[in-house]
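Participant: Quick one: sequence plus predicted model below, questions after.
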4 protein chains.
Amino acid sequence: MALKTSEEYVERLKRMKPNVYAHGRKIRRDDPILELPINTLRLTFDVVNDPELKGLVVTKSHLTGEEINRFTSLNLSIEDLYTQQEMKRRCCHRVGGCIQRCMATDTLNGIGVVTKDIDDAKGTNYHDNFIEFLKYYQANDLVGSTAQTDVKGNRKQRPSQQEDPDLYLHLVERNKKGIVVRGAKNHITMGPYVDEHLVIPTRSLRKEEGDWAVSFAIPADAEGVKIISRIVTPRPRIKLAAPYNNYGVSDSVLVFDDVFVPWERVFMCGEWEFAGRLALTFAGFHRHSYCGCKPAVTDIIMGATALVADYNGVETAPHIREELTELMIIAELVYASGIAAAARSEKTSSGIYRPRFLYSNTGRYLAGVNIYHEYDILAAIAGGLPSTLPPEEDWLDPETGPYLEKYISRKPGISPDKLHRLYRFISDFSCSAMGGWAQYAGVHGGGSPIMEKIGIRSEYDLESKKRIARYLAGIQE
Amino acid sequence: MALKTSEEYVERLKRMKPNVYAHGRKIRRDDPILELPINTLRLTFDVVNDPELKGLVVTKSHLTGEEINRFTSLNLSIEDLYTQQEMKRRCCHRVGGCIQRCMATDTLNGIGVVTKDIDDAKGTNYHDNFIEFLKYYQANDLVGSTAQTDVKGNRKQRPSQQEDPDLYLHLVERNKKGIVVRGAKNHITMGPYVDEHLVIPTRSLRKEEGDWAVSFAIPADAEGVKIISRIVTPRPRIKLAAPYNNYGVSDSVLVFDDVFVPWERVFMCGEWEFAGRLALTFAGFHRHSYCGCKPAVTDIIMGATALVADYNGVETAPHIREELTELMIIAELVYASGIAAAARSEKTSSGIYRPRFLYSNTGRYLAGVNIYHEYDILAAIAGGLPSTLPPEEDWLDPETGPYLEKYISRKPGISPDKLHRLYRFISDFSCSAMGGWAQYAGVHGGGSPIMEKIGIRSEYDLESKKRIARYLAGIQE
Amino acid sequence: MALKTSEEYVERLKRMKPNVYAHGRKIRRDDPILELPINTLRLTFDVVNDPELKGLVVTKSHLTGEEINRFTSLNLSIEDLYTQQEMKRRCCHRVGGCIQRCMATDTLNGIGVVTKDIDDAKGTNYHDNFIEFLKYYQANDLVGSTAQTDVKGNRKQRPSQQEDPDLYLHLVERNKKGIVVRGAKNHITMGPYVDEHLVIPTRSLRKEEGDWAVSFAIPADAEGVKIISRIVTPRPRIKLAAPYNNYGVSDSVLVFDDVFVPWERVFMCGEWEFAGRLALTFAGFHRHSYCGCKPAVTDIIMGATALVADYNGVETAPHIREELTELMIIAELVYASGIAAAARSEKTSSGIYRPRFLYSNTGRYLAGVNIYHEYDILAAIAGGLPSTLPPEEDWLDPETGPYLEKYISRKPGISPDKLHRLYRFISDFSCSAMGGWAQYAGVHGGGSPIMEKIGIRSEYDLESKKRIARYLAGIQE
Amino acid sequence: MALKTSEEYVERLKRMKPNVYAHGRKIRRDDPILELPINTLRLTFDVVNDPELKGLVVTKSHLTGEEINRFTSLNLSIEDLYTQQEMKRRCCHRVGGCIQRCMATDTLNGIGVVTKDIDDAKGTNYHDNFIEFLKYYQANDLVGSTAQTDVKGNRKQRPSQQEDPDLYLHLVERNKKGIVVRGAKNHITMGPYVDEHLVIPTRSLRKEEGDWAVSFAIPADAEGVKIISRIVTPRPRIKLAAPYNNYGVSDSVLVFDDVFVPWERVFMCGEWEFAGRLALTFAGFHRHSYCGCKPAVTDIIMGATALVADYNGVETAPHIREELTELMIIAELVYASGIAAAARSEKTSSGIYRPRFLYSNTGRYLAGVNIYHEYDILAAIAGGLPSTLPPEEDWLDPETGPYLEKYISRKPGISPDKLHRLYRFISDFSCSAMGGWAQYAGVHGGGSPIMEKIGIRSEYDLESKKRIARYLAGIQE
């Protein structure tokens, strides 16, 4: 049975060799510091039994016909792309933010497309490697990271021009059995609790930069891999339990200190012409994912905003209705752009449907330029209380608790407990280190708005628009 | 043959009884003042022979199997909706703005959906009336107006509460042969050069307002119909011919002074419960149309902006590239929202596919709030010249022409003629009465942004978002 | 008596040699085509007798002690700058837009400051020339243009690098009596109805570009000067008289075909180091003026918006109140920035107070980026009627007039005449060639937003902000 | 000597009776948890010896002629208002955010104005009470809170209509010696470390609400006062010392459980007609303060943004220059609006200069609607690293530190230490609980944007703008 349980996933993590460093300590993967981030991933296993979500999450492998988790699947139709987008939105609702696991989904799809392209052009057999790896990945319901962003050193120099060649991950040796790589990847989500790292290039490369054109999969605890992590979680609760506070995230610097990769796990090695294509193909899939997950974040902000307006009895105030409508518009335009990307997707030679890059980008762009604005709306309507609410300890203290309960009173019929829970949630969600993380992720995750603008204009047929203008103006070309 | 030529269309107009008033005169429909607006409609006939556009414009009648113009067709699949949207975008490019003829397309689709609903609920036979009318409309390749917006009088009073009941068009008599109506419809596009007026209600009604719940088709020159028109056209050219300057528009106050309508042309008469539905169903189709035509306007603005930047040699200036990219994003998000409306459309009991209202609205909204901004971008990058360019007469004057040609010089290789043509086009397009008309149309045509906001929030499932917030916050409902 | 009447001004124009070309004709300055633009200037003479405005417009010459029109005065105190700003706002209200005459006021102040700087540095006597000219200008209550913007040719080449050196106005000869210049200035407001052209450079220059560093005053009908004009006026009225429709504007290409300027009217000739300074000093004064005139435009838009909301009975609708408040905020922030520019002005060695460039720019910038947005607000709240209102002729036609009067009805107590007048005003103001002109002027007049951004950052002390960041971060410099 | 040292201030705090509750504990005022927030206040004492700032901070008492801290002074001239604004901007730079102490400055000025008004109208002697209190306050260089915002209960009910009358602080007894009050004030900055609480009403009141019209000063540790606090501080540092991390803030629920106030400390008691005026007069001063402090926040964001662009070697990238310029414009328009508020201030009968409410509001408004946008700019240009940077512990760990130092490398010449410090600062400043607090404070402190909009339109002369529109349109009133 290819669908694994979250317990099986956690057991796998426990068995791995310790190469995770976090907050000054070398830790095992069952260290309590990782509990909340791991909970996020666990949910992706648990929902295969959830009546509301199983229809979205469970699918069939086109390789084996077995039931698999959609997070491990390829997009083989427009309908698949529609479902992916919806699945991500719905899963994100459950954890109150990033569901994380789609990183690998999008990377696998990207590698699937481009390995076929390389093989077609070069006669290599990377695509077979990929298919074999994918069978293994699906059969074991694995979790993978996307190790793409190099640390990049001097931003004005290309990879091959850096004083230190390691500032972009690169090949240091190739032999009969495989390759050896060195370098570091930055901002790697899920670093400490994945089974595999999926490594792809960060940018387009030139002929002389073949050594930087490498892509492969590597077990997360392989020799020479070091995972230096920042763990971010919501504020802990004492008695006021809330699902939101059960989930966390982690980003890592992923160091590759002369790591050996056997050939069967290599998906690109030296084909510099395809480095940019792989980078962008992944980006295209991933920005399409954002057209699902970012509306989920807006949904949460919208729900919290609507609820706090309700509890204050001002839900019909015109400026509040306007702001809520603006949130609806942002969420649904982003989502619509994702639908359009799927509806206008292209079937690649690998059989994988690639979402239309233009629309993946317009959707992700709109999300990216609005995330701070959305937090602004929530803050404006929630009022100052999320930032000044005394800590839970003061509510539990018999000397101060009763004062706080008395004085938080609002619309009749809304209990102090409900008010306390809602304001504490808004505080933890939007006025906290976790909220700061989510704001940054909302700007940069999957490529910041400036990257989408570049993506959009680089492929846009501006010439055809100039032709229209020339025609209307009566200008002969 | 159901496809007619533009000459046949013009001939029909010529034969109509004169009931058009324009700029102080009662005119015939072959009055030169109407030439440019009629040119716009002519184009919709001519393009059935255009190699680039015929594939979009020519389709088959599901009633007769004959080839018809898509502007007279129903949307009977998702694909039809996709094609409608693209057809509108491409046709608008040709006339430099509003193609006008989609008004009736969208009204026919709306009437088609709602007459079926009424018949299903009430046992009436409006849908048969509609189907018969549609056969006639398709067979003759007719042009229809949408006579929806009542003049509305006191905005704080309902139709039945107005001092003067005529301020919303209403029934004044019903007899065996048909009905008699009185009132006026405002802002009616194409008033003087349609074959038929398609009348639908402007808003939802109450039980006591059955007399205002009327919908029907009426020949444009029927007894009692008076068409008082404002004609808007680009500035005339002397020698500097340009396609843009060949097309115009007209809006009318359409007076119904006790007009008789035979029963077979009536689509609603007294079924007040369906008045709002018909109004909104039309709006839904029409806002979907805007997801096609508004991107065309942005395309023109984008093309002109890019071209003027080229001619000035500043096309790579970063702020200009940013602005152009913003135009691309606006155009494509609006278009993407239209695609999503189609992809998520609903097959109604009439067989007609109704675009998802939410996404028709988000697309139209985005277009509406950006139109002035887009003109701003064009103006900012074109510089002041479109507003200060001496008239064509001065360019033809041998005393001043050579000075103007000498001093308009810009990037080497761009002739004074090209520069003159481009700047004059931008001036005529964006710094003129015609441009002012287009700005207002961009805000209000199909429903202004405030109407879309109302449309969006009225159908949005905000409760489900509050549930997400409650769940994450640990609040029991 | 230095204060002249508007009749005396018109008489002067009549006596001038004909060198004005407009719309294909060479015209005299009493040609009816110029009547409306000249009305704008006439107002600036008439208001010296207006009880409301005389306190702002009449001041004393610091040179002669005589009463003069403030439009001919220097700013010799912070209070003068405050009054200038307020005078412009109030005068613009009267003509429904640009009052035009401040062009020269700002240029004279700019020349006053920089001629003193040149003399101090070079031992020249341009400032004496200027003072003598100013006496003459004040004594005769003259009107001057600002002839600054060169046509500029290839935007990527400097003045001295143009294929045709005339693309920036330049010196072609200097002799004992004066200088001879050639070139053309573009976008020159008031070209056909000024007494004098005040010529200043358009940009900073290099050592080898001394021939382009010229500034002088020249009678508007001097030998070799040719004024090729575009006249823009509101739509004419038949019976529905309205002050707005009495005023117009004109922009010109000003050709200098080897024009001789006597030395006593030269203010700069070859001092290339001061060309940029003069250009920017004028810009600083003029952008300060915009902090007065642009709020006036917003006032008009705000007033029309509020009035149309009143007449429709929706003046308390929340979204309308929000939009009106936004207009208030734009108007007053621009005005506040002008006040700050004055409050932080610098007394130059000439005695003239130069407004703080930073705040002149921030104010002008805010105005420039909002002008289209303001028209958008007006259009959104006025509804579509300004764009579809049948022409006045139809209101006068006995066959159609009564229908139009009946069907324009709105809130009880507001007569059809008032409604007609208001909607026609809004149409003429915002949906017309004149409105298009005002939009372009709102973006570009006095320097477009991109120019203000450059102005702001070029003088901003960003280093001091970095020091704050370094200090807070604990970074040693 | 009226100027006290920060040590004297801390000593005073130590001597106070413990009535502070924080994070579940009843604490003394020398509890380490308060150290960072108190540091912020200490700075306001220390800077009287700072060569750069003493000129702004030290002034003379108009009551005693002694040197006093400007934070304890009245604004008795336009120049005083200018200096207040600049002082706040400069002090905020030092603590990396809110300087806090201006709360009382603005409240004292507000009470000073309105007590005079009440006395003038009613023959009371509140102003004498105020002057005596102010002498004491100045002589001891005290720190006061502003206890204004009531907890407000049901937002749809007035104070007198609440089920629980305590939801707005109110009089429960008045006797010969003084008054007794009950209720709670919310969001009270500096609660645990002020000498005095300055209590003022939160809103306008009606005749029957005299018991809610109370204003007074009370020692912070008076009987019956309970201070329940949330302490917010930057993340602690281990070895990487940075001034920013030395300062914190605290907000409190301030409970008044039948607190006695002697008459000589009462400034309003029952004069309901003046409750709204006092609330708004304070708001006017405080929003003027924001025109100083909010630009300081923008300065910090701007400095950090510029510095990170420098370190990345992309400081000349056009989009980054544009964003930096936008920050300049926001900062300086807010500041300009404060200058205008001062330049147009009104001398009240108390002798105190009241800043023009309109301009205090426009400035505060612009700041409030931009704060999230500014954080967005910083995040966008800093990249994702502030959210993923491994904790300081990992940099100190010999196993991981060298990797992090190697791989953070950027532009040549910028040491890893500088990079580490800058990114950690940006992380602590913008991606943290402290940053969340600052975002909320930026929206709500001093009144949220919606409050400023109400303030602006409530006093705006919209009628005069309608008159302009009527005049231009030719409409007789």
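Facilitator: Arrived safely.

Participant: Please, which helix or strand holds A:Glu350?
Facilitator: Just to correct that, residue A:350 is Ser rather than Glu. In the assignment (DSSP states H and E), A:Ser350 maps to no helix and no strand.

Participant: which one is it nearest to, not counting chain neighbours?
Facilitator: What sits nearest to A:Ser350 in space, not counting adjacent residues and going by C-beta to C-beta, 6 or more residues apart in numbering or on different chains, is A:Lys116, at 3.7 Å. Heads up, the C-betas are built off the backbone N, CA and C, glycines and all.

Participant: In contact with that neighbour: list those residues for me.
Facilitator: Applying C-beta atoms under 8 Å, 6 or more residues apart in numbering or on different chains, we find A:Lys116 in contact with A:127, A:348-350.

Participant: ok, now A:Asn19?
Facilitator: A:220-221, A:225-227.

Participant: tell me the pLDDT at it?
Facilitator: If you check A:Asn19, the pLDDT there is 98.

Participant: and it, backbone torsions?
Facilitator: Taking degrees, to the nearest 10, you get phi -140, psi 30 for the backbone angles of A:Asn19.

Participant: if I look at it, how far off is B:Tyr423?
Facilitator: Taking C-beta to C-beta, to the nearest Å as the measure, A:Asn19 falls 66 Å from B:Tyr423.

Participant: out of the contacts of A:Lys116, who's nearest D:Ser448?
Facilitator: Proximity of the contacts of A:Lys116 to D:Ser448 was ranked by C-beta to C-beta; the top entry is A:Thr348 with 50.4 Å.

Participant: How about that closest one, nearest residue that isn't a chain neighbour?
Facilitator: Nearest residue to A:Thr348, sequence neighbours excluded (C-beta to C-beta, 6+ apart): A:Val113, at 4.8 Å.

Participant: again, but for A:Leu167
Facilitator: Nearest residue to A:Leu167, sequence neighbours excluded (C-beta to C-beta, 6+ apart): A:Gly153, at 3.3 Å.

Participant: Quick check: that neighbour vs chain B, distance?
Facilitator: According to C-beta to the nearest C-beta, to the nearest Å, A:Gly153 and chain B sit 24 Å apart.

Participant: What pLDDT does the model give that residue?
Facilitator: At A:Gly153, pLDDT is 95.

Participant: Phi and psi next, for it.
Facilitator: Torsion angles, degrees, to the nearest 10, at A:Gly153: phi 50, psi -130.

Participant: Number of residues surrounding A:Met349?
Facilitator: Let me fix one detail, which is that residue A:349 is Ser and not Met. By other C-beta atoms under 10 Å in any protein chain shown, 11 other residues sit near A:Ser349.

Participant: Thought A:Ala121 was touching it, still the case?
Facilitator: No: using C-beta atoms under 8 Å, A:Ser349 is not in contact with A:Ala121, being 10.5 Å away.

Participant: do stretch A:357-375 and chain D meet?
Facilitator: Yes: Stretch A:357-375 is in contact with chain D by C-beta under 8 Å from any C-beta of the partner chain, via A:369, A:371-373, A:375.

Participant: In that stretch, which residues are buried?
Facilitator: For stretch A:357-375, a neighbour-count test (16 or more other C-beta atoms under 10 Å in any protein chain shown) marks A:357-372, A:374-375 as buried.

Participant: Can you list which of those residues are found in strands?
Facilitator: In strands, judged by DSSP state E, none of the buried residues of stretch A:357-375 are found.

Participant: Filter those down to just the ones in helices.
Facilitator: Taking DSSP state H as the definition of helices, these contribute A:357-372, A:374-375.

Participant: most residues in a single strand of chain A, which one?
Facilitator: strand A:249-262.

Participant: Give me the distance from that strand to the chain's centre.
Facilitator: Relative to its chain's centre, strand A:249-262 lies at 18 Å (C-alpha atoms, centre = their mean, to the nearest Å).

Participant: and the next helix or strand after that strand, how far out from the chain's middle?
Facilitator: Counting by DSSP H and E, the next helix or strand C-terminal to strand A:249-262 is strand A:266-269. Centre-to-centre, strand A:266-269 and its host chain are 23 Å apart (C-alpha atoms, centre = their mean).

Participant: now stretch A:437-453
Facilitator: With C-alpha atoms, centre = their mean as the basis, the distance from the averaged C-alpha position of stretch A:437-453 to the chain average is 11 Å.

Participant: again, but for stretch A:240-255
Facilitator: Stretch A:240-255 has its C-alpha centroid displaced from the chain centroid by 13 Å (C-alpha atoms, centre = their mean).

Participant: Does it reach chain D?
Facilitator: Yes: Stretch A:240-255 lies within reach of chain D by C-beta under 8 Å from any C-beta, at A:251-253, A:255.

Participant: what's the closest of the contacts of A:Lys116 to B:Thr105?
Facilitator: B:Thr105 lies nearest to A:Thr348 out of the contacts of A:Lys116, by C-beta to C-beta, at 36.0 Å.

Participant: Which pLDDT value does the model give the closest one?
Facilitator: Model confidence at A:Thr348 (pLDDT) stands at 98.

Participant: separation between it and chain B?
Facilitator: Remark: distance between A:Thr348 and chain B (C-beta to the nearest C-beta) = 20 Å.

Participant: Next: A:Lys294.
Facilitator: 14 Å.

Participant: Let me see the contact set for that residue.
Facilitator: A:331, A:334, A:363-364, A:367, A:371, A:442.

Participant: For stretch A:254-270, the averaged confidence score.
Facilitator: For stretch A:254-270, the per-residue pLDDT values average out at 98.

Participant: Apologies, that question was intended for stretch A:237-246.
Facilitator: Averaged across stretch A:237-246, pLDDT comes to 98.

Participant: give me the number of residues near A:Glu264?
Facilitator: Other residues near A:Glu264 number 14, with proximity taken as other C-beta under 10 Å.

Participant: ranges for the strands of the stretch 1-150 of chain A?
Facilitator: A:20-22, A:25-27, A:58-60, A:67-69, A:144-147 (DSSP state E, counting those that start in this stretch).

Participant: So which of the ones you listed is nearest chain B?
Facilitator: With respect to chain B, and counting by C-beta to the nearest C-beta, the nearest of those is strand A:58-60 at 20.1 Å.

Participant: which residues are in contact with that closest one?
Facilitator: Under C-beta under 8 Å, 6+ apart, the answer for strand A:58-60 is A:3, A:48, A:66-70, A:73, A:80, A:83.

Participant: Would you mind measuring from the closest residue to A:Pro318 other than its chain neighbours to C:Ile426?
Facilitator: Spatial nearest neighbour of A:Pro318, chain neighbours left out: C:Pro318 (3.3 Å); criterion: C-beta to C-beta, 6+ apart. Here C:Pro318 is placed at a distance of 22 Å from C:Ile426 (C-beta to C-beta).

Participant: Counting neighbours, go ahead and name the busier of those two.
Facilitator: More crowded of C:Pro318 and C:Ile426, by other C-beta under 10 Å: C:Ile426, with 28 against 12.
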